[in-house]
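3D, please:
(one chain, ligands or ions: 2)
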Amino acid sequence: ASLLALVKGMPKAELHIHIEGSLEPELIFALAHRNGVTLPYDSVEQLRRAYAFNDLQSFLDIYYAGTSVLLTEQDFYDMTWAYLQRAHADNICHTELFFDPQSHLSRGVNFAAIVGGIDRALGDAAAEWGMTSGLIMCFLRHLSEEDAFATLEQAMPYLPAIVGIGLDSSERDHPPEKFSRVFARCRELGLRLVAHAGEEGPPAYIRDALDLLHVARIDHGVRCLEDPALVELLRARQVPLTVCPKSNVKLKVFPQMAQHNLRALLDAGLMVTINSDDPAYFGGYMNENFTEIFSALPLDRDDALRLACNSFDAAFVNDATKVGYR
Ligand code: ADE
Ligand code: ZN
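Residues are numbered from 1 along each chain as shown. Ligands and ions are numbered 1, 2, ... in the order given. Down below sits the predicted model:
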């Protein structure tokens, strides 16, 4: 089989997908209609045309606008189920989903609807296909430490359904240290920890995510190559980097796929994985991320198998830990 057939067909784990970033324009309009929400766009086509981003913030503004249609448990189920069908079609057999409760709680949606709908869809994927999964609750880094603590308090009854904690949203000017105390509390609670770092922010934020937040994986992390001592640390500890090629091009972290540093990250001996980030906004799911970067860079079959193995090795939820979890 060809290299592209191999990357599409091989089993994979996805470790960096914001479930709200899987909301396709068609579903945004359908949910807006169902819920009587008025959108600042006239049509699916007009909304899709707005998906031209200059940087992370210009994307986040539209991403948060899209979430405004999510109100009920069924909405969260429908969004998650649509993603899981796409993931299954791409031969993803394990997925760890991020969700952003603060963007929903602030609109009056309750925690039970958010986690209930997402978790019900994950349960259906387990029953239908044997797909395994984990749920990672993210704090929005542009909001305060106090808001993160309040969110954690609200999440307490749902922690049995949550495997870990992440940190996302606007990276610049929101360093990891702002969240060191709330991450310490999450650690005491036995939650696994990850953080977005080194996407748009400097390599120092990757170091601080490791030293101050004690994260087990770095989301993105592509700017690590600017700091050779940091690369050596990431290599020696085999810290997983959840890289999202199409996201990086759409948000102009790299001008084109041919300029992406994935080849260099692998050559540096780093524990790299490929992921879709916000597939509805960046023009493709897991397999498009694989096929586009494999078409643009000198990557071969060994690299493909390495990336797939890494995705399982870097996963938090395995068969042993899953017992008693769902
Ligand atoms: N929220 C959703 N996608 C994100 C990304 N790529 N970086 C930071 N926050 C996000
Ligand atoms: Zn992300």
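
Look at the closest residue to Lys178 other than its chain neighbours and report its pLDDT.
Excluding its sequence neighbours, the residue lying closest to Lys178 (CB to CB, 6 or more residues apart in numbering) is Glu145, at 5.9 Å. Backbone N, C-alpha and C define where each C-beta goes, glycine included. Glu145 is assigned 98 on the pLDDT scale.

List the contacts of the closest residue to ligand 1 within the chain.
Nearest to ligand 1, among the residues of the chain, is Asp168, at 3.6 Å (CB to the nearest ligand atom). Shown in contact with Asp168 (CB atoms under 8 Å, 6 or more residues apart in numbering): 18, 98, 100, 138-141, 196, 219.

switch to 10 Å and redo it
16, 18, 21, 56, 60, 98, 100, 136, 138-142, 194-196, 199, 219-220, 277 (CB atoms under 10 Å, 6 or more residues apart in numbering).

which among these are in contact with ligand 1?
Of the residues in the contacts of Asp168, proximity to ligand 1 by CB under 6 Å from any ligand atom holds for 18, 21, 56, 196, 199, 277.

returning to what we had before: pull up the gap between the residue nearest to Lys178 and Leu70, please.
Using CB to CB, to the nearest Å, we find Glu145 at a distance of 25 Å from Leu70.

before we move on, the earlier item: so how far is Asn35 from the residue of the chain closest to ligand 1?
Taking CB to CB, one finds Asp168 at 25 Å from Asn35.

Could you do Asn287 as well?
31 Å.

and the two? which has more neighbours close in?
Asn287 (22 against 13; other CB atoms under 10 Å).

which SSE is the more buried one in?
Following DSSP states H and E, one finds Asn287 within helix 286-296.

Give me the buried positions along that helix.
286-294, 296 (16 or more other CB atoms under 10 Å).

cool, and stretch 217-232?
217-225, 227, 230-231.

Looking at it now, give me its mean pLDDT.
98.

from the middle of its chain, how far away would that stretch be?
Averaging C-alpha positions (CA atoms, centre = their mean, to the nearest Å) puts stretch 217-232 18 Å from its chain's average.

just stretch 228-243 next, same as before
That offset, for stretch 228-243, works out to 19 Å (CA atoms, centre = their mean).

can you check stretch 143-155 too?
In terms of CA atoms, centre = their mean, the gap separating the centre of stretch 143-155 from the centre of its chain is 20 Å.

Same check on stretch 56-64?
On CA atoms, centre = their mean, the centre of stretch 56-64 falls 15 Å from that of its chain.

and for that stretch, what are the contacting residues?
Contacts of stretch 56-64 (CB under 10 Å, 6+ apart): 18, 20-21, 23, 41, 47, 50-53, 100, 103, 106, 140, 142, 168-172, 196, 199-201, 247, 250-253, 277-278, 280-282.

Which of those residues fall in helices?
47, 103, 247, 250, 280-282 (DSSP state H).

so which of those residues comes closest to Ala126?
Set against Ala126, the nearest of these by CB to CB is Ala280 (23.1 Å).

ok, for that closest one, nearest residue in space, not its chain neighbours?
Distances taken as CB to CB, 6+ apart put Glu24 closest to Ala280, at 4.6 Å, once the chain neighbours are dropped.
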